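K.L.:
Build the 3D model from these lines:
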Amino acid sequence: MKFIPFLKLKKAWLIWAGLSIGLFVVLGLLFVGLFNRGEFSRDGDNTAIYAFSLEQTMRAHPSWGRYQQLSKEIKVLQGKSAGLGLVRTKQNGVNSLVNQEDSVIQSDLEQLFQKEQQIRAEMMVEALQQREQEIQEELAEKMKKRSQQLNEEIEAAVKEKMALFNQQLQEYAQQVEFEYALKITNIEFKLKVPGLTDEEKKKLTTELKSLLAEKDALLAQRKQAYDEEIREFIDRRQQAGKEELQKYSEQLREEGKRRLELYELRLKKEFEEWRQERAHSYGKEVEARREKHSAELLTLEALQAERHALQVSIKQDIRDFLRELVAQKGPTVVLVDPLVQVGKNDLTSVIISYFQK
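P.N.:
The predicted structure is shown next:
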């Protein structure tokens, strides 16, 4: 939830921040600029480099006590106003006591709103997971039914094929039986004729067995051919069934993915609509609070303006003193809080002594 800060307070803070940063830069480059314009130029390169701590010198200023008192009062009012969602405080990146603001303070409404958003987000995740499970179970059931259907279709087709082959085999057996019946009957009749010698009976019996074996071999050969064809038919149908199941499975996965994506989009839309509605509701409550506490906000604005003016005044006094101090030193560069220590050319103690007289 985004709380709109008090407009005048925001404007004053931005002006104060801009002036503070600008003053740091000016104090660091002031005398370099003066030297380049020739105000302190003279023959030879004997430019003096000085430095000072802005923070320490500001602490020594006579008005620093009032500045601290204002900061304490502002902090109290800011904490109360931020807790009600009327203003926002934030951590300043400048590592200086004179520029450091309070860390972010969340209002009770903002904390409640964030908690509600967290709960709603968790509910959305749970709903999405539940829906995904339901879709997977539904698709698994479809897959199971389709697999059973294909197995039944294959089984029915195999039965039909086997029935056809059995019929063809019976017809072929009848045909073979008819073709061999006359030969077999003739030999059987000869075996019944009286007066046959043992050798003749043996010969006829061998011939009869040969015919019977030949007939059975033809039937067995045809049956083997039918059995092989049945096996190939079953393999083809089963392979076709596997490929169809694979394709159907991919279709179901795509279907499940689309359905889940649509459901997720719907959940997100509902969440965003709820979030906007709730944010609007909280915004109205913040406006009501702002109106109720307008006097305190005006007081906070006045204190901030006074503190800002006091800070500008303190820094201006430091800058004026530095102008007078370096006017007699010739070409001079003054650095604010330098990273490199310059030893005896540190003006911090000189400035502090000037303000503590």
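K.L.:
could you point out the longest helix in the chain?
P.N.:
helix 198-292 (DSSP state H).
K.L.:
Flag the shaky bits of the stretch 51-200 of the chain, pLDDT-wise.
P.N.:
Residue ranges of the stretch 51-200 of the chain with pLDDT under 70: 85, 87-106.
K.L.:
All the helices of it, residue numbers only.
P.N.:
With helices called from DSSP state H, counting those that start in this stretch, the stretch 51-200 of the chain shows them at 54-60, 64-83, 108-191, 198-292.
K.L.:
Is it possible to get JSON lines of the ones you listed that adds distance to residue 317 and mean neighbour count?
P.N.:
Backbone N, C-alpha and C define where each C-beta goes, glycine included. Formatted as JSON lines, the helices of the stretch 51-200 of the chain follow (distance: least, Cβ to Cβ, whole Å; neighbours: other Cβ atoms under 10 Å):
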{"stretch": "helix 54-60", "distance to residue 317": "9", "mean neighbour count": "19"}
{"stretch": "helix 64-83", "distance to residue 317": "11", "mean neighbour count": "16"}
{"stretch": "helix 108-191", "distance to residue 317": "41", "mean neighbour count": "13"}
{"stretch": "helix 198-292", "distance to residue 317": "37", "mean neighbour count": "13"}
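K.L.:
mind putting these in TSV, distance to residue 323 included?
P.N.:
Converted to TSV, the helices of the stretch 51-200 of the chain look like this (distance: least, Cβ to Cβ, whole Å):
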stretch	distance to residue 323
helix 54-60	14
helix 64-83	21
helix 108-191	47
helix 198-292	44
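K.L.:
For residue 303, find the nearest of those.
P.N.:
helix 64-83 (5.0 Å; Cβ to Cβ).
K.L.:
The closest one to helix 108-191, inter-axis angle?
P.N.:
Interaxial angle, helix 64-83 versus helix 108-191 (axes from the mean of the first three to the mean of the last three Cα atoms, to 10 degrees): 40 degrees.
K.L.:
ok now helix 64-83, how far from the chain's centre?
P.N.:
Relative to its parent chain, helix 64-83 has a centroid offset of 40 Å by Cα atoms, centre = their mean, to the nearest Å.
K.L.:
and it, what does it pack onto?
P.N.:
Contacts defined by 3 or more Cβ pairs under 8 Å, 6 or more residues apart in numbering; DSSP states H and E place helix 64-83 against helix 294-326.
K.L.:
Which secondary structure elements does the longest helix of the chain sit against?
P.N.:
By 3+ Cβ pairs under 8 Å, 6+ apart, helix 198-292 packs against helix 108-191.
K.L.:
Can you list the low-confidence ranges for the stretch 251-357 of the chain?
P.N.:
For the stretch 251-357 of the chain (pLDDT under 70), the answer is 329-333, 337-344.
K.L.:
Could you rerun that using 80?
P.N.:
Residue ranges of the stretch 251-357 of the chain with pLDDT under 80: 286, 297, 326-345, 357.
K.L.:
And the helices of the stretch 51-200 of the chain: which comes nearest residue 328?
P.N.:
Closest to residue 328 of the helices of the stretch 51-200 of the chain is helix 54-60 (Cβ to Cβ; 19.6 Å).
K.L.:
Can you dump the C-alpha atoms of that closest one in PDB for me?
P.N.:
Extracted in PDB, the C-alpha atoms of helix 54-60 (Å, rounded to 0.1, in the frame of the first residue of the first chain):
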ATOM      1  CA  LEU A  54      31.800  19.900   8.900                       C
ATOM      2  CA  GLU A  55      30.100  17.700  11.400                       C
ATOM      3  CA  GLN A  56      32.400  18.700  14.300                       C
ATOM      4  CA  THR A  57      32.300  22.400  13.500                       C
ATOM      5  CA  MET A  58      28.500  22.400  13.300                       C
ATOM      6  CA  ARG A  59      28.400  20.800  16.800                       C
ATOM      7  CA  ALA A  60      30.500  23.700  18.100                       C
END
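K.L.:
Show me what it is packed against.
P.N.:
Checking 3+ Cβ pairs under 8 Å, 6+ apart, helix 54-60 ends up next to helix 294-326, helix 348-355.
K.L.:
Hey, what's the angle from the first one to helix 64-83? Just curious.
P.N.:
Relative orientation of helix 294-326 versus helix 64-83 (the same axes, to 10 degrees): 150 degrees.
K.L.:
List the buried residues for helix 294-326?
P.N.:
By 16 or more other Cβ atoms under 10 Å, the buried positions in helix 294-326 come out as 297, 300-301, 303-305, 307-308, 310-311, 314-315, 317-318, 321-322, 325-326.
K.L.:
Find the nearest non-adjacent residue to residue 62, please.
P.N.:
residue 355 (6.3 Å; Cβ to Cβ, 6 or more residues apart in numbering).
K.L.:
hang on, I meant residue 117
P.N.:
Nearest residue to residue 117, sequence neighbours excluded (Cβ to Cβ, 6+ apart): residue 275, at 6.6 Å.
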